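Q: need a structure here:
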Amino acid sequence: MKTRFVPIGGVGEFGANCAVIQTETTTILVDYGLMFPPDARKPGVDYYVVDAAALLREFPTIDALFLTHGHEDHIGGLPHLLPHRNIPMYTLPYTARLIKQKFLESPLRPLIHEAELNKPITCGDIKVSFIGVTHSIQHACSLVIETPAGRILHSGDFKLDPLPEDNHPFQSEEFQTWGDLGIDLLFMDSTNATKAGFCPSDYSLVENWEQVISRAKGRVFFTTFSSHMPRVKRLLELAGRQNRKVVFLGRSLKRHFSAATDTGYLGAQGNRIVSFDESLKLPHNQLLYITTGSQGEPRSATARILRKDYHGLSFTSSDTIIFASKPIPGNERQMALLTSDMERQGMEVVTDRDLPVHASGHAYREELAYLLMLTRPKAVIPIHGEFHHLLKHYRWLKELLTPDQDLFLIEDGDQVFLEPQGLRLEDRKPIELLPIDGNQELPLDTSTLRDRKDMMYSGLLLISLWDQPESSASTDIKMHGMVMADEQGFLSRLRAEITRIQRTQSEPPTQLVRQIRQAAKSTLRGFFNGKPLVKCIVNGQIY
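A: Numbers count the residues shown, from 1 in each chain. Here you go, the predicted structure:
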C-alpha cells in the first residue's frame, strides 16, 4: 500500500504547475499550467506547457484533474492537454468558468464538475476536499487528498488576508480540523519563503490608491494582473467615491470580469462601468481605466496605448498611471524602459517603489508558519518556485520543524512515495516542457527553434543555383541580416567553392546541397563569427 507523488512542473521553476498523485488503482493530476519564458533566448516562444503526449505515455490512466485556482500557471496548459484526452476536471465555480471560456471556439467540450468547499469528491480510492484560501484571485483553494497510504495536503497558492473582500476567507478552522485528524505530508508554496513577516493585505493599499487618484488632474490608468478581481472590486468602490467611471481595457481583463459577474462575485455595478466608446465622450478627470500590461507585455493594452496602437487612444501629459505589480525576475529592464517612455511624455508614473500600491498573493514566512501550526504535518516538502526559493524554504523549515517531522527537498521529476513506514524518495527523468508559438497556439519543434535562433543572432545566407557544371554564372548568393568587413571576398570565395563542387561531383541534389552547406559554413569562418541559417535553392527547389 503506497501513494506516489511526482511533480511534473513548478518545482524548480515558476509556472507550468502540475503534479501526479497515484495509488495502486487511481491516478489524478493537480493543476496543468503554463510557464512564461524566463528569457528571450528562444525567439517566438510565448510560453511552455508540459508535454501532454509524454505525460500520457508515462501515466496512461489519469482518472481526474483537480485544479486549485484559475491563474494561467495552473490552468493555462489545458488547451494542450484535453485534445489528447478529455479528462474529467474538478474545481470551484470561478475557475470552472475561466476554463469554459478557453474552449468557447473549440469543438471540444471539457468535462468540468463544479466542486464545493469542504465536500469531499471521491475518485477511485482517493478522496479530495477543497479548502478555501485567500490569494490574488477568487475561489483559490488548498487540497486535502486522502489516500490508502495517508493524507496529503497540497497548499496551492495562498496568503493570509484577513480582509479578502469576498465570502471566501482563509479557512483556518478547517485546516486545524484536518490537522487534528492528521496530515502525513504537506506540500507548501515556496514563492515568498525568502521573505520574513506577513504579506500585506490589499485592504492596506486602498488609501494609497485613493491618494494618487484624488490628486490626478486627468485620466487615471490602473494597470494590474487581469485575474485580480478582488482588487478590481475595491477599485470599483473607490471609483464611485471619486466620481470616476471605470473602463476595462484588455481582452483577458474583460474575460475575468465576465467570469466574476457570471459567478456572482461582482454584483450589479449600475452605470459605474462604461464602454470604451462612451469613455471618449467624458471629461478626462472622470475616468479610471483598468488595463492589462502590468509586466509591460508588448501586446497588452498598456503597451499598445503607449505605441498609439490601441483604437486611437494615446497617453497625454495630464495622465497618471499606477503599476500595481512587481516586475517578474528578468523583466526589470523592460519595465524600466516602459516607465521611462511614459515619463518622457510628461505622465505621472506610480510604482511600488514610489508608494505601496501592490501586494503579493503569496504567503510570507509567518503565514507559512501559521499553516504549519494549524496542520502539524508529519512531513513537509517545499514546492512552487525556482530552486533558490525551494532551498531557502527548506533551510528555514529545517530550523523550524520539530525532530519528529520529516523534511525533503525535491525538484520536477523526483518521486515521493508515501508508505506505512514513512516517506521514500526516488529520482526520475523529468518530462520536458513543450515550447508554444502563441500566434498559432502550436508547439515548436527543436529544428524550428534552432532556425529561428540562427536567424535572430546571425541572419540568413541564401544560395540559389542551377545544377549546371562548368558554369558559376547561374549561382546567386544573398545575405540577409548579416554584416561582414569583406563581403565581396566572401562571396567570391564561396562561388569558387560551389563551382569546384559542381565540377567534381555528380551527386543527387540532396547530396549536392549537403556539400554546399558544408562549404558555406567552412568559408564563413574566415569572414564571419556567427552561424547564420543556410538555405539552398537548387533547380528551383528549396532545401
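
Q: residue ranges for the strands of the stretch 351-500 of the chain, please.
A: 379-383, 385-386, 406-407, 415-419, 422-426, 433-437, 442-443, 460-465, 476-480 (DSSP state E, counting those that start in this stretch).

Q: Which one of the ones you listed lies nearest to Arg215?
A: Closest approach to Arg215 among those (Cβ to Cβ): strand 385-386, 38.0 Å. Backbone N, C-alpha and C define where each C-beta goes, glycine included.

Q: coming back round to it: can you list the strands of the stretch 351-500 of the chain in JSON lines and add mean pLDDT, mean neighbour count and distance to Lys100?
A: Shown next, in JSON lines, are the strands of the stretch 351-500 of the chain (pLDDT from 0 to 100; neighbours: other Cβ atoms under 10 Å; distance: least, Cβ to Cβ, whole Å):
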{"stretch": "strand 379-383", "mean pLDDT": "98", "mean neighbour count": "25", "distance to Lys100": "27"}
{"stretch": "strand 385-386", "mean pLDDT": "92", "mean neighbour count": "20", "distance to Lys100": "30"}
{"stretch": "strand 406-407", "mean pLDDT": "96", "mean neighbour count": "16", "distance to Lys100": "40"}
{"stretch": "strand 415-419", "mean pLDDT": "95", "mean neighbour count": "18", "distance to Lys100": "33"}
{"stretch": "strand 422-426", "mean pLDDT": "91", "mean neighbour count": "13", "distance to Lys100": "38"}
{"stretch": "strand 433-437", "mean pLDDT": "89", "mean neighbour count": "21", "distance to Lys100": "21"}
{"stretch": "strand 442-443", "mean pLDDT": "86", "mean neighbour count": "14", "distance to Lys100": "22"}
{"stretch": "strand 460-465", "mean pLDDT": "90", "mean neighbour count": "20", "distance to Lys100": "43"}
{"stretch": "strand 476-480", "mean pLDDT": "89", "mean neighbour count": "13", "distance to Lys100": "45"}
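
Q: nearest to Val144, of these?
A: Nearest of the strands of the stretch 351-500 of the chain (Cβ to Cβ): strand 415-419, 13.8 Å.

Q: shaky segments in the stretch 351-500 of the chain?
A: Confidence mapping of the stretch 351-500 of the chain against pLDDT under 70 gives the ranges 467-473.

Q: likewise the chain?
A: Where the chain drops to pLDDT under 70, the residues are 38-41, 329-330, 467-473, 505-507.

Q: Identify each buried residue in the longest helix along it, please.
A: Across the chain, the helix with the greatest residue count (assigned by DSSP state H) is helix 487-504. Of the residues in helix 487-504, Phe490, Leu491, Arg493, Leu494, Arg495, Glu497, Ile498, Thr499, Ile501, Gln502 count as buried by neighbour count, 16 or more other Cβ atoms under 10 Å.

Q: Show me this structure divided up by domain.
A: Domain assignment for the chain by automatic domain parsing gives 3-197+360-437, 202-350, 445-542.

Q: Could you single out the most deeply buried of those domains?
A: With neighbours defined as mean count of other Cβ atoms under 10 Å, those peak in mean count at domain 3-197+360-437, which reaches a mean of 19.

Q: how far does that domain sit from the chain's center?
A: Per Cα atoms, centre = their mean, to the nearest Å, the displacement of domain 3-197+360-437 from the mean C-alpha position of its chain is 15 Å.

Q: That one spans what distance, first to last residue?
A: End-to-end distance for domain 3-197+360-437, by Cα to Cα, to the nearest Å: 36 Å.

Q: Could you pull out the helices in the stretch 1-150 of the chain for me?
A: 52-58, 72-75, 78-81, 93-102 (DSSP state H, counting those that start in this stretch).

Q: May I have the last one as PDB, with CA atoms only?
A: Below are the C-alpha coordinates for helix 93-102, written out as PDB (Å, rounded to 0.1, in the frame of the first residue of the first chain):
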ATOM      1  CA  PRO A  93     -17.100  27.700  -9.900                       C
ATOM      2  CA  TYR A  94     -14.900  30.700 -10.800                       C
ATOM      3  CA  THR A  95     -12.100  28.600 -12.100                       C
ATOM      4  CA  ALA A  96     -14.600  26.400 -13.900                       C
ATOM      5  CA  ARG A  97     -15.900  29.500 -15.800                       C
ATOM      6  CA  LEU A  98     -12.400  30.500 -16.800                       C
ATOM      7  CA  ILE A  99     -11.800  27.100 -18.200                       C
ATOM      8  CA  LYS A 100     -15.000  27.000 -20.200                       C
ATOM      9  CA  GLN A 101     -14.000  30.400 -21.800                       C
ATOM     10  CA  LYS A 102     -10.900  28.800 -23.100                       C
END
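
Q: Grab the nearest non-local neighbour of Met342.
A: Spatial nearest neighbour of Met342, excluding adjacent residues (Cβ to Cβ, 6 or more residues apart in numbering): Val349 at 5.1 Å.

Q: Tell me who's in contact with the one you found.
A: Thr320, Ile321, Phe323, Thr339, Met342, Glu343 (Cβ atoms under 8 Å, 6 or more residues apart in numbering).

Q: ok, those vs Ile290, which is closest?
A: The nearest member of the contacts of Val349 to Ile290, counting by Cβ to Cβ, is Ile321 at 11.3 Å.

Q: Would you confirm that that closest one contacts Met342?
A: Yes - applying Cβ atoms under 8 Å, one finds Ile321 in contact with Met342, separated by 6.2 Å.

Q: Bridge partners for Tyr289, pull those for me.
A: Phe221, Val247 (DSSP bridges).

Q: what about Ile62, distance to Thr339?
A: According to Cβ to Cβ, to the nearest Å, Ile62 and Thr339 sit 45 Å apart.

Q: I'd guessed Val150 sits against Leu185; true?
A: Just to correct that, residue 150 is Gly rather than Val. Yes - look at Gly150 against Leu185 with Cβ under 8 Å: they come within range, at 6.6 Å.

Q: So for the two, which residues contact both of them?
A: With Cβ under 8 Å, 6+ apart, Gly150 and Leu185 have common neighbours Leu418.

Q: Spit out the contact partners of Lys2.
A: Here Lys2 is in contact with Thr23, Glu24, Ala149, Phe417, Leu418, Glu419 (criterion: Cβ under 8 Å, 6+ apart).

Q: Just give the nearest non-adjacent residue to it, would you?
A: Glu419 (4.6 Å).

Q: Quickly list what that neighbour is bridged to.
A: Gly422.

Q: Surely it is in contact with Arg4?
A: No - in this structure, Glu419 is not within contact of Arg4 by Cβ under 8 Å, at 9.7 Å.

Q: the helices in the stretch 201-350 of the chain, which residues?
A: Using DSSP H, counting those that start in this stretch, the helices found in the stretch 201-350 of the chain span residues 206-215, 229-241, 251-262, 276-279, 301-306, 332-344.

Q: export those to TSV and tack on distance to Asp406?
A: Shown next, in TSV, are the helices of the stretch 201-350 of the chain (distance: least, Cβ to Cβ, whole Å):
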stretch	distance to Asp406
helix 206-215	42
helix 229-241	36
helix 251-262	39
helix 276-279	55
helix 301-306	46
helix 332-344	38
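
Q: And these: which comes nearest Arg353?
A: helix 332-344 (9.7 Å).

Q: Dig out what the nearest residue to Ala363 once chain neighbours are set aside forms beta bridges with.
A: Residue nearest to Ala363 in three dimensions, not counting chain neighbours: Lys159, with 4.7 Å by Cβ to Cβ, 6+ apart. Here Lys159 sits in beta bridges with Thr134, as judged by DSSP bridges.

Q: List the residues that contact Lys159.
A: Val133, Thr134, His135, Ser136, Cys199, Ser360, Gly361, His362, Ala363, Tyr364, Glu367.

Q: Could you measure from the last one over to Gly218?
A: Going back to what we said before, that points to Glu367. In this view, Glu367 and Gly218 are 39 Å apart by Cβ to Cβ.
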